[in-house]
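> When you get a sec, could you give me coordinates for this:
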Amino acid sequence: MLPNLAWTKRHQPDVWRRVRHALQPKDFVAYRLTGDVGTDPTGPTRSILNDWRAEDWSPETCQAAGIPREILPDVRYRPWQPRGVLGDTARLARHCALRATARDARPGGAARVLVKAGPPCPH
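Presented below is the predicted three-dimensional model:
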């Protein structure tokens, strides 16, 4: 994550000025499904911006790298905890090719982002 953020900041300053959140793929998918911006302790550890003792982002590393802490999602979940209830499941089912019985989203990797989703629906 840090190399991508540093590259974007240096080579695409117009894009960098518009950044509101820097999310890893698992967090972006959960955000799109629930509207929640957050992560679990595995997010910082995959970023090179982590404080492993605190299981959080390192303010010192963020500052040294010139990455504003405000754009990183707060660590609010354990990997096994649900992130939230999915919104309009019929709309999400159409948008994501899921069965409309999907109920919650969990962090901790792409295989666990959707629980009770079942196989994709045919289009």
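> Low-confidence regions, this structure specifically.
85-123 (pLDDT under 70).
> any idea where the helices of it begin and end?
For the chain, the helices defined by DSSP state H cover 2-11, 13-17, 25-34, 42-45, 59-65, 89-96.
> Who are the contact partners of the closest residue to R69 other than its chain neighbours?
With CB to CB, 6 or more residues apart in numbering as the criterion, R69 has its nearest non-adjacent residue at 4.8 Å, and that residue is C62. Using the backbone N, CA and C atoms, a C-beta is placed for each residue, glycine as well. Neighbour list for C62: 49, 68-69, 72 [criterion: CB atoms under 8 Å, 6 or more residues apart in numbering].
> ok, back up a step: just name the most buried of the helices of the chain.
Highest mean neighbour count among those (mean count of other CB atoms under 10 Å): helix 42-45, with a mean of 22.
> Show me what that one is packed up against.
With contacts taken as 3 or more CB pairs under 8 Å, 6 or more residues apart in numbering; DSSP states H and E, helix 42-45 sits against no other helix or strand.
> Need the contact partners of that helix.
Applying CB under 8 Å, 6+ apart, the set of residues contacting helix 42-45 is 24, 26-27, 50-52, 55-58, 72-73, 75, 79, 107-109.
> Among those residues, which ones are in strands?
Here DSSP state E is the test, and those give 50-51, 56-57 as lying in strands.
> out of the residues you listed, which are buried?
Among the ones in strands among the contacts of helix 42-45, the ones that count as buried by 16 or more other CB atoms under 10 Å are 50, 56-57.
> now, among the residues you listed, which is nearest to D40?
For these, the minimum distance to D40 (CB to CB) is 10.7 Å, reached by D56.
> need the contact list for the closest one.
Counting by CB under 8 Å, 6+ apart, D56 touches 41, 44, 50, 75.
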